[in-house]
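1. from the sequence below, what's the structure:
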Amino acid sequence: MISDAPLTENALYNQNEELREANRNLEAALLSISHDLRNPLHVIMMDSGKLLEKSGDQFGSRERSSLERVSTAAQHMAGMIDGLLGMCCIAGQNTSFEMVDLSSLASAVFSELHMKEPHRTVVCTVQEGVHGWGDPRLLEVVLVNLIGNSWKYSVNRHSAVIEFGSTASSDGNLTCFIRDNGIGFDASLADRLFLPFQRFHADSEGSGIGLASVQRIITRLGGRVWAEAGKESGAVFYFTLPAVPST
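-> Residues are numbered from 1 along each chain as shown. As a prediction, this is how the structure comes out:
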């Protein structure tokens, strides 16, 4: 029995190496396909846009509507491709762990959103002194996506409120949350929110890649992510980060 143990360990190691190689090949294929699709899509977007600009009264409402649908579909697909490229880039990054000032990152994300849409009235609250163990570049992507998600889905609220905060557990792990009073989501769909290309509101913009990227990053950092629908409206997104390893 003892002599079989190294063989089992070697088999597991080889299997893991094969899985890692398969993932690398898959990511390389996605990267190649995404790049190859961008050029023809760019042509479609440019030409449909030019036709719409120059058509004037030459096209009727039906023809213009068709062209607008082509342009919108091409833009949406371009967003999906950009999302895939982003996920591939995330997978290819080396992970560097350090203590990250999440409060400062969240405040910077809120400031950027206010600058982009200064006409909106959004009450943004950031808990001070929230620090977590992880990669600062990847955690910035997480907060940009989660806070941006709350910002987007609270656009129709007269008094939108978005809050970033955290709670610490006895084992040293950190749980962060982003809470909003936006339109929320159907609680039965919570398990599907983090799958790629999922869009649960017909009039929403975006590629459906953002939350999938968040889950991929948080899993890579050793945590988990989930969402809860509000009792009446809104949503709360949670993610955990591991405790600082003891030296």
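
2. contacts, neighbours, all on C-alpha from now
-> Will do.

3. doesn't residue 227 belong to a strand?
-> Yes. Under DSSP: H, G, I helix; E, B strand; the rest coil, residue 227 sits within a strand.

4. can you list the domains in this structure?
-> Domain assignment for the chain, taken from automatic domain parsing, gives 4-92, 98-241.

5. looking at these, which one is packed in the most?
-> domain 98-241 (a mean of 17; mean count of other Cα atoms under 10 Å).

6. how far does that domain stretch from start to finish?
-> 12 Å (Cα to Cα, to the nearest Å).

7. that older thread, in CSV: the domains of the chain, plus mean pLDDT.
-> As requested, these are exported to CSV (pLDDT from 0 to 100):
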stretch, mean pLDDT
domain 4-92, 72
domain 98-241, 87
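
8. packing partners of the longest strand seen in the chain?
-> The longest strand of the chain (DSSP state E) is strand 160-168. With contacts taken as 3 or more Cα pairs under 8 Å, 6 or more residues apart in numbering; DSSP states H and E, strand 160-168 sits against strand 122-126, helix 136-152, strand 174-180.

9. what's in contact with the last one?
-> For strand 174-180, the external contacting residues (Cα atoms under 8 Å, 6 or more residues apart in numbering) are 132, 146-147, 150, 154, 160-169, 234-243.

10. now do the helices in the protein.
-> 4-55, 61-92, 102-116, 136-152, 210-220 (DSSP state H).

11. these into CSV, with extra columns for distance to residue 186?
-> CSV is the format used below for these (distance: least, Cα to Cα, whole Å):
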stretch, distance to residue 186
helix 4-55, 31
helix 61-92, 23
helix 102-116, 26
helix 136-152, 15
helix 210-220, 16
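
12. now do the contacts for the nearest residue to residue 178 once chain neighbours are set aside.
-> Once flanking residues are discounted, residue 178 sits nearest to residue 164: 4.7 Å by Cα to Cα, 6 or more residues apart in numbering. For residue 164, the contact set (Cα under 8 Å, 6+ apart) comprises 103, 106, 125, 126, 127, 176, 177, 178, 179.

13. now do residue 153
-> Contacts of residue 153 by Cα under 8 Å, 6+ apart are 182, 183, 184.

14. I'd like to know how far the nearest residue to the last one once chain neighbours are set aside sits from residue 182.
-> The reference is to residue 184. Excluding its sequence neighbours, the residue lying closest to residue 184 (Cα to Cα, 6+ apart) is residue 234, at 4.1 Å. Residue 234 sits 4 Å away from residue 182, going by Cα to Cα.

15. among the helices of the chain, which is nearest residue 195?
-> Nearest to residue 195, of all the helices of the chain, is helix 210-220, at 5.4 Å by Cα to Cα.

16. packing partners of the closest one?
-> helix 61-92, helix 136-152, strand 225-229, strand 235-241.

17. noted, bye for now.
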